[in-house]
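Undergrad: predicted model follows, preceded by the sequence.
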Amino acid sequence: MTEISPTELGDRLRDDEDVLVLDIRHRDDYEEWHVPDSVNVDVYDDLTADTEAAKETLAALPEDREIVTVCAAGVISQTATDVLRELGYDAETLADGMNGWSRVHRSDPVPTDLDGTLVQVARPGKGCLSHVLISDGEAAVFDPSHYLEEYEGIIDDHDADLVGVFDTHAHADHVSGGADLAERHGVPYHLHPNDALEIDANPIEDGDAIEIGSVDVEVIHTPGHSEGSVSFDLEGEALLTGDTLFHESVGRVELGVEAGLEGSDVEGNAATLYESLQRLLDRPDDAVILPAHDPGSPEPPVTATLAEVREQNEDLGRDRDEFVETLASDIPDHPPNFERVKRTNVGREDVPDEELSELELGPNRCAAE
């Protein structure tokens, strides 16, 4: 078996190496979620039924490029690789397919004037963004995935001690590693009580101030996307806005309702989100806005100042009535398995470790547009 790891492929794509990523899944699956800049040739059925039928199609590929084949789990794409190599191509298989791509994490510092280091951890295959704050030998992690070693490695590299783990809200697109990371290191896990329905968490409320080394972290309750959504203000230098405010959109307002976890309605949540956004817009224009997701395949650091977000985010230009009507009426496709993911993150469902990766597979869809 000739394979390339998801991390190696990601590094090579980031370095603009000339690799042709060939996705052999059905067109609908490809359009739903794929490796950036990959090419779709739908030979999945041919490869499972009659590899000879796939040869004619695959033989039309350029002969002068290295090819990496992709499917959901790296099984049928290995058949594609075998066929390509028989035809004389230089081909490898992406190990674990899109499942493996979902596990890739990258990190890079965010430029700020904080008395410490703020590291952004991006997960390109899910569009997720986490952050690690390090100051005076102390570290805090915000919105971690359940791949805990990614954060522990950063903390170890800075010779710091983890003192707290924070979630901006109970996520709907991926399973949080917050509670597990905190338990593993014997530190508090912080989540607003409106989202910590049946999970052991240290409650945080609007106006709370928490010190991480020499950096003051202020809690701003910004409900709307979820009832317990909060944002974190790091001394006016950076705003960790969770899924309340993105660079070009805002958070969805129906997921908690449709998951059966909120007694509110969509229109009420949209009105609440509008008020929450007004609180964030009062912050310094040069504050760096750091959401918990990016709809593309983010390469860290993904940043924009509040002034820049004001200019490029159409949702922020709507008056209250238009904002509520737009968010309540224009509902995009849901994140895959969002009900189970959401219930897991509020403590109402326990998903075995071996099912976590599969549960959260698929694109990020936490933005309203």
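TA: Yep, that arrived. Numbering: from 1, shown residues only.

Undergrad: by mean pLDDT, flag the weakest helix or strand of the chain.
TA: Here the helix or strand of the chain ranked lowest by mean pLDDT, DSSP states H and E is helix 353-359, holding a mean of 77.

Undergrad: give me the packing partners of that one, helices and strands only.
TA: Contacts defined by 3 or more C-beta pairs under 8 Å, 6 or more residues apart in numbering; DSSP states H and E place helix 353-359 against helix 338-346. All C-beta atoms are positioned from the backbone trio N, CA, C, and that covers glycine.

Undergrad: and the contacts of the helix it packs on?
TA: If you take C-beta atoms under 8 Å, 6 or more residues apart in numbering as the criterion, helix 338-346 is touched by 167, 170-176, 195-199, 255-256, 258-261, 335, 349-351, 359-360.

Undergrad: and that helix, average pLDDT?
TA: What helix 338-346 shows for mean pLDDT is 88.

Undergrad: same check, this time on stretch 84-102
TA: Stretch 84-102 comes out at a mean pLDDT of 93.

Undergrad: mind listing what's buried along it?
TA: The neighbour-count check on stretch 84-102 (16 or more other C-beta atoms under 10 Å) flags 84, 89, 91-102 as buried.

Undergrad: now those as CSV including distance to residue 55 and secondary structure?
TA: Output for the buried residues of stretch 84-102, formatted as CSV (distance: C-beta to C-beta, whole Å; DSSP: H, G, I helix; E, B strand; the rest coil):
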residue, distance to residue 55, secondary structure
84, 9, helix
89, 11, coil
91, 13, strand
92, 18, strand
93, 17, strand
94, 21, strand
95, 24, coil
96, 25, coil
97, 21, helix
98, 24, helix
99, 27, helix
100, 26, helix
101, 26, helix
102, 30, coil
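
Undergrad: take those and lay them out in TSV including distance to residue 292.
TA: TSV is the format used below for the buried residues of stretch 84-102 (distance: C-beta to C-beta, whole Å):
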residue	distance to residue 292
84	39
89	40
91	36
92	33
93	32
94	26
95	27
96	25
97	25
98	21
99	22
100	23
101	20
102	16
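
Undergrad: so which residues of the stretch 251-369 of the chain form helices?
TA: Taking DSSP state H, counting those that start in this stretch as the criterion, the stretch 251-369 of the chain contains helices spanning 255-258, 266-281, 306-312, 320-329, 338-346, 353-359.

Undergrad: which neighbouring elements make contact with the longest one?
TA: To tie it back to what came earlier, the one meant is helix 266-281. Of the remaining helices and strands, those touching helix 266-281 by 3+ C-beta pairs under 8 Å, 6+ apart are strand 215-221, helix 255-258, helix 306-312, helix 320-329.

Undergrad: my guess is residue 315 meets residue 251, correct?
TA: No: the pair residue 315 / residue 251 is not scored as a contact, 9.8 Å apart, by C-beta atoms under 8 Å.

Undergrad: so between the two, which is more surrounded?
TA: residue 251 (31 against 21; other C-beta atoms under 10 Å).

Undergrad: re the thing from before, what's the farthest-apart pair in the buried residues of stretch 84-102?
TA: The largest separation in the buried residues of stretch 84-102, counting by C-beta to C-beta, is between 89 and 102 at 26.2 Å.

Undergrad: low pLDDT regions in the chain?
TA: Residue ranges of the chain with pLDDT under 70: 1, 363-369.

Undergrad: domain parsing of it, as residue ranges.
TA: Listed by automatic domain parsing, the domain ranges of the chain are 3-101, 106-359.

Undergrad: buried deepest among those, which one?
TA: A comparison of these by mean neighbour count, using mean count of other C-beta atoms under 10 Å, puts domain 106-359 on top with a mean of 20.

Undergrad: that one: end-to-end distance?
TA: 21 Å (C-alpha to C-alpha, to the nearest Å).

Undergrad: how near is the most centrally placed residue in the chain to residue 91?
TA: Nearest residue to the geometric centre of the chain (C-alpha atoms, centre = their mean): residue 128, 1.4 Å. Here the criterion is C-beta to C-beta, to the nearest Å. By it, residue 128 lies 30 Å from residue 91.

Undergrad: surely residue 105 and residue 125 touch.
TA: No: if you go by C-beta under 8 Å, residue 105 and residue 125 don't touch, sitting 9.2 Å apart.
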